[in-house]
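Peer 1: predicted structure and sequence below. I'll ask about it afterward.
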Amino acid sequence: MIEAAKPPEHSLHDLYRDHRGWLESWLRRRMGNAWDAADLSQDTFLRVLGSSQALVDMREPRAYLLTVGKRLLSNFYTRRSLEQAYLNALAQLPEDCVPSPEQRWILLETLQALDELLDGLPRAVRRAFLWSQLEGLGYREIAERLQVSERTVKRYMAQAYEHCLLVDM
């Protein structure tokens, strides 16, 4: 009887030693910044460390690291875009209404957490939920903006609430 070849077990040390430089170079080419690339490379290996089964099941280490690295890179750019939108909004405020640096940090962290919470929802569902929660719009107003029926908005809101409840578990 022929046994299927078992994937080799990797230690994190070996994985890091053999592939950190390659991953960091790949990230640096995409980001144009060695410091951010080094941070994302470290974050990638921390994610691998957090996934106990990943080291055992890994057949193609570079493909796996690249997948994790791409996700972190996407999150990095999403966060940067969110930060820039927030800074642009702050620039529009009168000087006496500008929050302190501590308040800015808390608000930015809250925005990031909200963005991560709603990640995976279809765009229309996200928009309906955010308009309802942040702008206080009613279902009729949301339906007009999205050019859908109020019944569809109700379904969107139910989907968003369900998503938030399931993510929170």
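Peer 2: Arrived safely, thanks for sending. Numbering: from 1, shown residues only.

Peer 1: could you report the pLDDT at the residue nearest the centre of the chain?
Peer 2: Nearest to the geometric centre of the chain sits Asn75, at 4.0 Å (Cα atoms, centre = their mean). Here, the pLDDT recorded for Asn75 equals 83.

Peer 1: for Leu134, see how far away it is.
Peer 2: Distance of Asn75 to Leu134, given as Cβ to Cβ, to the nearest Å: 22 Å. No exception for glycine: its C-beta is placed from N, CA and C like everyone else's.

Peer 1: related to what we said a few turns ago, on the three-state scheme, the residue nearest to the centre of the chain is what?
Peer 2: With DSSP: H, G, I helix; E, B strand; the rest coil as the basis, Asn75 sits in helix.

Peer 1: what's the spacing between it and Val68?
Peer 2: Noted for Asn75: a distance of 11 Å to Val68, by Cβ to Cβ.

Peer 1: now swap in Leu117 and tell me
Peer 2: Here the criterion is Cβ to Cβ. By it, Leu117 lies 21 Å from Val68.

Peer 1: ok, those two, which is more surrounded?
Peer 2: Using other Cβ atoms under 10 Å as the criterion, Leu117 and Val68 rank with Val68 on top: 20 against 15.

Peer 1: I'd guessed Thr152 sits against Ala143; true?
Peer 2: Yes: contact status for Thr152 versus Ala143: in contact at 7.0 Å, counting by Cβ atoms under 8 Å.

Peer 1: contacts for stretch 157-169?
Peer 2: 117-118, 120-121, 125-126, 128-129, 132, 139 (Cβ atoms under 8 Å, 6 or more residues apart in numbering).

Peer 1: can you pick the most crowded of those?
Peer 2: Ala128 (27 neighbours).

Peer 1: buried residues of stretch 149-167, list them for me.
Peer 2: For stretch 149-167, the neighbour count (16 or more other Cβ atoms under 10 Å) marks 152-153, 156-157, 159-160, 163 as buried.

Peer 1: that one: how far from the chain's middle?
Peer 2: From the chain centre to the centre of stretch 149-167 is a distance of 21 Å (Cα atoms, centre = their mean, to the nearest Å).

Peer 1: in the helix or strand containing Arg145, what counts as buried?
Peer 2: Arg145 is part of helix 139-146, with elements assigned from DSSP states H and E. Within helix 139-146, the residues that qualify as buried are 139, 142-143, 146, counting by 16+ other Cβ under 10 Å.
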